[in-house]
Every structure is written in structure tokens, then in C-alpha cells.
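> just a sequence and a predicted model for now, questions to come.
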Amino acid sequence: NKTLLGEKDVWWSETTAYNSDKNGKDESGFVVASGYGLEANTEHAVVVHDLNGTKVGCGLLELKDDTSIAVLRADMGKYAGSTDNEINPKGVVTVDVFDDD
């Protein structure tokens, strides 16, 4: 992202934050202009941070072949190297890719 957007991190802002319920569940959506299209976002890591900014979960965006629109999906799991045994992220992040043209 630095090449296209400089120091601005489009993935980290108040518009990309979410609030989970007492069980850690959330369903939300937001728009991110990453500067990349479908191909460049494929195999891009999605990282979940806790309230302190510590990386606790991650997943890799993969192209879904079973749809007629551009959809990437990441199956989320524990962040590699995470030492917090009380946090065990799981779920799915789905990204619809829209071309600006």
C-alpha cells in the first residue's frame, strides 16, 4: 500500500473498526479503497487486532470460484505467534471487489 498510498493505511481507521457482542460475534461491512484490484488483493492477508492493537487473528484472501462476481474470502484463525490463549478468532471475511472504472 505504501507505493500507491504513501504512509496512509486504508485498512486501519475508524471506518474499518467493528464492535462485537459479548461472545465476540460481529457482522459488519465497510468500504476500503486499497488501491489494488482483484488480482493484487488475492492472497492478501487480513489481520484482526484486539483493542490494544495486538494482532490476534488472520486469514488469507482467496478467490471464490463458485460465484459470478469478484469475491474473495478469508477463513480466519489465530494469528501466528499469538501468545494469548484466551483469544481464538474464527469466522470468515468476505470481500466484494469493485473496479473503479
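Now that the structure is in, tell me what you want to look at.
> only C-alpha atoms for contact and neighbour calcs from this point on.
Noted.
> check contacts around residue 49.
55-57 (Cα atoms under 8 Å, 6 or more residues apart in numbering).
> where does residue 39 sit: helix, strand or coil?
helix (DSSP: H, G, I helix; E, B strand; the rest coil).
> report the separation between it and residue 88.
Distance of residue 39 to residue 88, given as Cα to Cα, to the nearest Å: 29 Å.
> circling back: adding secondary structure and distance to residue 24, write the contacts of residue 49 out as JSON lines.
Shown next, in JSON lines, are the contacts of residue 49 (DSSP: H, G, I helix; E, B strand; the rest coil; distance: Cα to Cα, whole Å):
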{"residue": "55", "secondary structure": "strand", "distance to residue 24": "15"}
{"residue": "56", "secondary structure": "strand", "distance to residue 24": "13"}
{"residue": "57", "secondary structure": "strand", "distance to residue 24": "12"}
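> can you flag the buried ones in the residues you listed?
55-57 (16 or more other Cα atoms under 10 Å).
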